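Q: for reference, the sequence and a predicted model appear below.
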Amino acid sequence: MIKQLPKHEDEWAYEYQRIIPEVMKDVYTQFVNEQIEQLRSMVENNLPWEVSEQERPSFLINEAQKLMPDNPERAANLFIQLGSCPRLWALQKHILKEKYGITWYTPAELNPEIIYD
């Protein structure tokens, strides 16, 4: 069945606003799953730096897994750091295109003269 397109711009705006929470939930979920996979490959006793208990890979994985079902954004915040924006934007761009057929341009694509973290 072909979905009828909204007739007015405000209908489009409503549709975009409606899907944003779902898109971001998917973005954060994928991001956290990627981070967990990276952490699982680390050997805790041979880390090249000294870490507190809250920074240990096993602690971060357990905390993220507890938060994921109800609050993937909080789980993602355990891992978001300088340099995370491009990965989060890439996930968002991919999900919008694949799931909703929306072509979205990242801030870096729209402003190539600006360097983002």
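A: It's in.

Q: chain center to the longest helix seen in the chain, what's the gap?
A: Longest among the helix segments of the chain by residue count, using DSSP state H, is helix 9-40. Relative to its chain's centre, helix 9-40 lies at 6 Å (C-alpha atoms, centre = their mean, to the nearest Å).

Q: now the helices for the protein?
A: Using DSSP H, helices in the chain cover 9-40, 57-67, 72-77, 85-100, 107-110.

Q: what lies in contact with the last one?
A: The contact list for helix 107-110 (C-beta atoms under 8 Å, 6 or more residues apart in numbering) reads 85, 86, 89, 114, 116. Just so you know, the C-beta spots here come from the backbone N, C-alpha and C atoms, and that holds for glycine as well.

Q: 7 Å instead, please
A: Helix 107-110 is contacted by residues 86, 89, 116 when judged by C-beta atoms under 7 Å, 6 or more residues apart in numbering.

Q: span of stretch 35-49 from start to end?
A: 18 Å (C-alpha to C-alpha, to the nearest Å).

Q: quick one: average pLDDT of that stretch?
A: Taken as a whole, stretch 35-49 has an average pLDDT of 78.

Q: show me what the longest helix of the chain is packed against.
A: On a contact count with 3 or more C-beta pairs under 7 Å, 6 or more residues apart in numbering; DSSP states H and E, helix 9-40 meets helix 57-67, helix 72-77, helix 85-100.

Q: if you compare those, which one is most tucked away?
A: helix 72-77 (a mean of 19; mean count of other C-beta atoms under 10 Å).
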